[in-house]
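Asks: Got a predicted structure here, sequence first:
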Amino acid sequence: MAKLRNCSQCGKIFMSNGERLCPNCVQAQQDLELVVVDYVRDHPKCKIPEIMEATQAPEMLIRRLIEEGRFEQVGVNLSYPCKKCGKPIVAGAYCEECKEEMQQNLQSASSALNQVAEAEAAAARGHGMYSKDLKDSKVKM
Ligand SMILES: [Zn+2]
Ligand SMILES: [Zn+2]
């Protein structure tokens, strides 16, 4: 169902079938993608900041193109720095090592959380038992 909405890029009202951008902006974005892909094909050794400067494309768009494999299609394996250590990578936001490291950190963080939760549960149990014992002790005695 098409309905009126504001283009998230230029703010113009347009008939949308779920798209976030108006036809003008979609066209402009596709043109920009082509410009970026062309630029990378002509400059296979370029880095993202150069591309951004040369084509005025936002980094997001370039990363999306990398993730979609658009540069591989023109024979360029464009890499960009890992968000964490800066090592060149070709997909995702982090290199394999950083991904692994974060996975481990995540696991130790969640096990630390579990320990806290367990300690709290144990404290709650202990408290519960204590008050129950008090009540019970009256009954028992
Ligand atoms: Zn627009
Ligand atoms: Zn890394």
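Replies: In hand now; what should we look at? Ligands and ions are numbered 1, 2, ... in the order given.
Asks: List, one by one, the residues from the chain near ligand 1.
Replies: Contact residues (CB under 5 Å from the ion) of the chain with ligand 1: 7, 9-10, 12, 22, 25. Backbone N, C-alpha and C define where each C-beta goes, glycine included.
Asks: can we see that at 6 Å?
Replies: 7, 9-10, 12, 21-22, 24-25 (CB under 6 Å from the ion).
Asks: mind listing which of those residues are in helices?
Replies: 24-25 (DSSP state H).
Asks: Any idea which of the residues of the chain next to ligand 1 the model trusts least?
Replies: Ranked by pLDDT, these bottom out at residue 9 (91).
Asks: tally of neighbours for it?
Replies: Around residue 9 there are 14 other residues, counting by other CB atoms under 10 Å.
Asks: same thing with the one 5 residues further on?
Replies: The tally of other residues near residue 14 (other CB under 10 Å) stands at 17.
Asks: Could you find the closest non-adjacent residue to it?
Replies: residue 22 (3.9 Å; CB to CB, 6 or more residues apart in numbering).
Asks: The one you found reaches residue 29, doesn't it?
Replies: No - under the criterion of CB atoms under 8 Å, residue 22 is not in contact with residue 29, lying 10.5 Å apart.
Asks: intersection of neighbour lists for the two?
Replies: residue 9 (CB atoms under 8 Å, 6 or more residues apart in numbering).
Asks: Tell me which of the two has more neighbours.
Replies: Neighbours per residue (other CB under 10 Å) separate residue 22 from residue 29, with residue 22 holding more: 21 against 15.
Asks: I am finished for the moment; much appreciated.
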